[in-house]
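*Asks:* here is my input; please provide its structure:
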Amino acid sequence: MRLIATQRAEYGRQPAAVLGASATLPEGVSPATAEEVLRTRRFDHGLYVTRAAGRAARALRDSVPSLAAAPRLGLVLATDRGDQHALLRRLPEFGSSMRRGERAPTDLFRSIAYFPVGRIARSVSALLGAHGPVATVPADPGQAGRLAQLWLAARRADQVVVVTAELTGDEEASATAELWQTAPGSRPAPPDPPDPHGRPAMPLTVTGHVERPHTAGNLPWAELLESALTGLAPEPGRRTALVVTSLLADAGEQAFAALSPRDAGPPLSLAVPSTAGRLGFDETLVLVGSSGGSMTALGVAQDLVTLGRADDVVVCGVDLVHGSLSQALTLMECPDLPHMRGGSTALRLRAATPGDAGSPVLHTCALLSPPVPDAPDRPMPLDGVLLRRRPCPRPAHVALSGLNTIDLACAGQLAARLWPGIPVSSRGDVRSVSADVLRLLARADTHELPMGVAGVHSLGGTGYCVAARHTP
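*Replies:* Have a look, this model is predicted:
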């Protein structure tokens, strides 16, 4: 992996515009409308990490013109808390609205929407036009680089931008954007046209499955994670990697503890290494900030096995819904909240063998990043996204994965483009936060294979996969 370019940027508080007594408004603009515009601008200026990350990414794009034409550009964002400060500073208002049972005012609504760190990755991805794999990871030293290196080695991307962004003060942030690509001569040129699946991947068979529901509050995120992983501890003599994915991890409960005292448990930065080390896992990767991380995690698992970096991979999606997330979505009057389920779902996968003949295996797992529109009746732009499909079993039916109505509508569009004429099966009302694709695969009836899964999640994790009976 070779570093091509680096750009750094900072962003701090901007002077707020104030309407003076003599200010003249444009004709037809009321003072209330003008005030709303100013409030929106002030909120946008307060997204320090988003702004710093955008500045660094824009500077990188401008310094490397070839980025604009990269069809398989990947993005890894590394941040611990992103712009969660926008909500943390308004927790008293959050608590007041919660007690009154009223819809959050506009500024608080926006602060809640920007709490998941995947919002920053979505913004930077759109700025760069990154249509390859996109993921957000904690700002753990080396994790972002390891994921970028994996995607390059697996040929999921020709180039990967790694953006590291964090607050550096109360009202300022800094960011670094790096462009990486495979060193010359280390691999042959990519196929023409490029294949979004990367190199030929090994089919994976599921050798273990654990589900732990989350139906009540006051359960630490770390405890829910451990309860799933304990049942899938590494087998002796097998190198077992761990990929954990979570929309909010412990961040929501840590914040909510300031309003409603509770034991939020250890933070993600301590819980994952501690649990993985105690159980004996080897390489560990954590994906955060998106409800769709399980599709990305399955792609990572396939790459780790295909490249010989692991014998087994345990993929675990875990999130709490009862508690901070449900309270926040209630204030946003989210119509999809009744369908969302928390809990932990974990699968253990390994390369399929001749002895697995007839068993369900995961074939293709492609990771994409088309822009997701903001309304379910708008088409998702897929013309610039590579959808070339390597020969694999044609699905008998397709299951859709998404967190909200817009996600599922777009997943339907993706499925129609990928497999025209293939019926979409009913998936029921339950949508598992962070583990939706894992749950669909784990519960697939072997008599209904081959099955395709088209998943669209606006904060990252869009892609598709095929599960079929293994035929060596």
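*Asks:* lowest-scoring secondary structure element of this structure by mean pLDDT?
*Replies:* Every helix and strand in the chain was compared by mean pLDDT, DSSP states H and E; the lowest is helix 31-45, with a mean of 66.
*Asks:* residue ranges for the helices of this structure, please.
*Replies:* Taking DSSP state H, the helices of the chain run over residues 31-45, 48-63, 85-88, 91-100, 106-113, 118-128, 143-153, 221-229, 251-256, 268-279, 293-306, 324-331, 405-418, 436-442.
*Asks:* residues near R278, how many?
*Replies:* R278 has 12 neighbouring residues, counting by other CB atoms under 10 Å. Yep, even glycine has a C-beta here, placed from its N, CA and C like the rest.
*Asks:* any weak-confidence spans in the stretch 151-300 of the chain?
*Replies:* Filtered on pLDDT under 70, the stretch 151-300 of the chain yields the residue ranges 183-200, 216-218.
*Asks:* now swap in the stretch 301-450 of the chain and tell me
*Replies:* 384, 388-391.
*Asks:* so where do the strands sit in it?
*Replies:* 312-319, 340-351, 360-367, 397-401, 431-432 (DSSP state E, counting those that start in this stretch).
*Asks:* separation between the closest residue to T345 other than its chain neighbours and L73?
*Replies:* In space, T345 comes closest to A435 once its chain neighbours are excluded; the distance is 3.8 Å by CB to CB, 6 or more residues apart in numbering. For A435, the distance to L73 equals 27 Å [CB to CB, to the nearest Å].
*Asks:* using CSV, list the CA coordinates for stretch 397-414.
*Replies:* C-alpha atoms of stretch 397-414 as CSV (Å, rounded to 0.1, in the frame of the first residue of the first chain):
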residue,chain,number,x,y,z
HIS,A,397,-36.1,-14.6,-4.5
VAL,A,398,-34.6,-11.4,-3.0
ALA,A,399,-34.8,-10.1,0.6
LEU,A,400,-34.5,-6.4,1.2
SER,A,401,-32.5,-4.8,4.1
GLY,A,402,-32.8,-1.3,5.4
LEU,A,403,-33.6,0.6,8.6
ASN,A,404,-36.3,3.0,7.4
THR,A,405,-38.9,3.3,4.6
ILE,A,406,-36.5,5.2,2.4
ASP,A,407,-33.7,2.6,2.8
LEU,A,408,-36.1,-0.2,1.9
ALA,A,409,-37.5,1.6,-1.1
CYS,A,410,-34.0,2.1,-2.4
ALA,A,411,-33.1,-1.5,-1.7
GLY,A,412,-36.0,-2.4,-3.9
GLN,A,413,-34.6,-0.3,-6.7
LEU,A,414,-31.2,-1.9,-6.3
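*Asks:* just use 795 as the starting number from now, easier for me
*Replies:* Yes, from this point I'll number from 795; that puts the last item at stretch 1191-1208.
*Asks:* that stretch: which residues count as buried?
*Replies:* By 16 or more other CB atoms under 10 Å, the buried positions in stretch 1191-1208 come out as 1191-1198, 1200-1208.
*Asks:* do stretch 890-901 as well
*Replies:* S891, M892, A898, D901.
*Asks:* ok so, going back, among the strands of the stretch 1095-1244 of the chain, which comes closest to M1174?
*Replies:* strand 1191-1195 (12.8 Å; CB to CB).
*Asks:* got the angle for that closest one vs helix 1087-1100?
*Replies:* 120 degrees (axes from the mean of the first three to the mean of the last three CA atoms, to 10 degrees).
*Asks:* contacts for strand 1191-1195, please.
*Replies:* Residues from elsewhere that reach strand 1191-1195 (CB atoms under 8 Å, 6 or more residues apart in numbering): 1086, 1089, 1201-1202, 1205-1206, 1209, 1213, 1216-1219, 1221, 1230-1231, 1234, 1238, 1242, 1245-1251.
*Asks:* quick check on these: which are buried?
*Replies:* 1086, 1089, 1201-1202, 1205-1206, 1209, 1213, 1216, 1218-1219, 1221, 1230-1231, 1234, 1238, 1245-1251.
*Asks:* re the thing from before, which of the helices of the chain sits closest to G1031?
*Replies:* helix 1062-1073 (15.1 Å).
*Asks:* who's more crowded, A1229 and L867?
*Replies:* A1229 (31 against 24).
*Asks:* so L1212 sits right up against G1249, yeah?
*Replies:* No: assessed by CB atoms under 8 Å, L1212 is found out of contact with G1249, at 11.5 Å.
*Asks:* what sits in contact with each of these two?
*Replies:* Y1258.
*Asks:* quick one, phi psi at the closest residue to T1034 other than its chain neighbours?
*Replies:* Once flanking residues are discounted, T1034 sits nearest to P1028: 3.6 Å by CB to CB, 6+ apart. Dihedral angles of P1028 (phi, psi; degrees, to the nearest 10) stand at phi -60, psi 140.
*Asks:* and P1028, what is it in contact with?
*Replies:* Counted by CB under 8 Å, 6+ apart, P1028 has contacts T1034, L1073, G1074, F1075, D1076, D1106, V1108.
*Asks:* kindly provide the distance from the second one to L998.
*Replies:* This points to L1073. Distance, L1073 to L998, by CB to CB: 21 Å.
*Asks:* who's more crowded, these two?
*Replies:* L998 (28 against 16).
*Asks:* correct me, but that one touches Q1096?
*Replies:* Yes: in this structure, L998 is within contact of Q1096 by CB under 8 Å, at 5.9 Å.
*Asks:* residues shared between the contacts of those two?
*Replies:* Common contact partners of L998 and Q1096 (CB under 8 Å, 6+ apart): L1156.
*Asks:* mind checking how far R1188 is from T1100?
*Replies:* Following CB to CB, the distance that separates R1188 from T1100 is 22 Å.
*Asks:* more neighbours, the two?
*Replies:* When R1188 and T1100 are compared for neighbours, T1100 comes out ahead with 19 against 12, by other CB under 10 Å.
*Asks:* ranges for the strands of the stretch 895-1044 of the chain?
*Replies:* 928-931, 953-963, 966-975, 998-1008, 1034-1040.
*Asks:* how far off centre is stretch 901-909?
*Replies:* 18 Å (CA atoms, centre = their mean, to the nearest Å).
*Asks:* stretch 1127-1138 now?
*Replies:* 17 Å.
*Asks:* for stretch 914-928, same thing?
*Replies:* 11 Å.
*Asks:* could you do stretch 1004-1013 as well?
*Replies:* On CA atoms, centre = their mean, the centre of stretch 1004-1013 falls 21 Å from that of its chain.
*Asks:* stretch 1106-1117 now?
*Replies:* 13 Å.
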